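Q: Quick one: sequence and predicted model below, then my questions.
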Amino acid sequence: MTSITHGRTVLNEVHAIVETAESEVYQLSINLTDMSGQTYDCDYLSRPDDAFGLNPTIRKWLADNPYFSVQSYAPPTAEQIRASMSSLSARQLRLGLVDAGVSLTQITAAIDSMPAGPEKDRAQIEWEYATSFSRLHPLTATIGRALGLTETQIDAMWTAALNL
């Protein structure tokens, strides 16, 4: 166990280091003891020009441990990006659909065309009563398919609707 003190914060151990899309910027998984004496694992983003907090200690640790395994950066998958998209309010979703050229009657027609049963009932309840919608909710995919929208088109509409 490595223990390096910075002020009253102690870097106890570095578990893993992952490159980011930015040169010389790393995401570290570390164990530290904070100023209140609490010890815990956490993630830490280290930038080369950050001279504050625990970063100088981490940069010294990186320099002193040049052979520590650093995982290469892997860009997030489309599914990971979708999972991290913020939810839309019902208002944002509906305005986003209208701005994308999708009428609300098309949504109602898509739900109405579903086979009778619990799935259709759930879709109708979600559409009529949900106050927020997540990008990966099954209703989003169901309605998108019914309207002939690609995942990329839904992503673009979703992103635009976040600003409404």
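A: Now that the structure is in, tell me what you want to look at. Residues are numbered from 1 along each chain as shown.

Q: If you tally nearby residues, what's the number for Met85?
A: A count of nearby residues for Met85, using other CB atoms under 10 Å, gives 14. Placement of C-beta: from N, CA and C, glycine included.

Q: where do the helices sit along the chain?
A: With helices called from DSSP state H, the chain shows them at 55-64, 78-84, 90-99, 104-112, 118-129, 138-146, 151-161.

Q: So for the last one, what gets flagged as buried?
A: For helix 151-161, the neighbour count (16 or more other CB atoms under 10 Å) marks Ile154, Asp155, Met157, Trp158, Ala161 as buried.

Q: got any ranges where the protein has weak pLDDT?
A: Under the criterion pLDDT under 70, the flagged ranges of the chain are 1-7.

Q: Can you tell me the centre-most residue of it?
A: The residue lying closest to the centre of the chain (CA atoms, centre = their mean) is Ser84, at 2.6 Å.

Q: circling back to that earlier point, can I get the helices of the chain in CSV with distance to Pro48?
A: Shown next, in CSV, are the helices of the chain (distance: least, CB to CB, whole Å):
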stretch, distance to Pro48
helix 55-64, 7
helix 78-84, 26
helix 90-99, 38
helix 104-112, 49
helix 118-129, 47
helix 138-146, 40
helix 151-161, 31
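
Q: For Val25, which of these is the nearest?
A: Counting by CB to CB, Val25 lies closest to helix 55-64 out of the helices of the chain; the figure is 11.0 Å.
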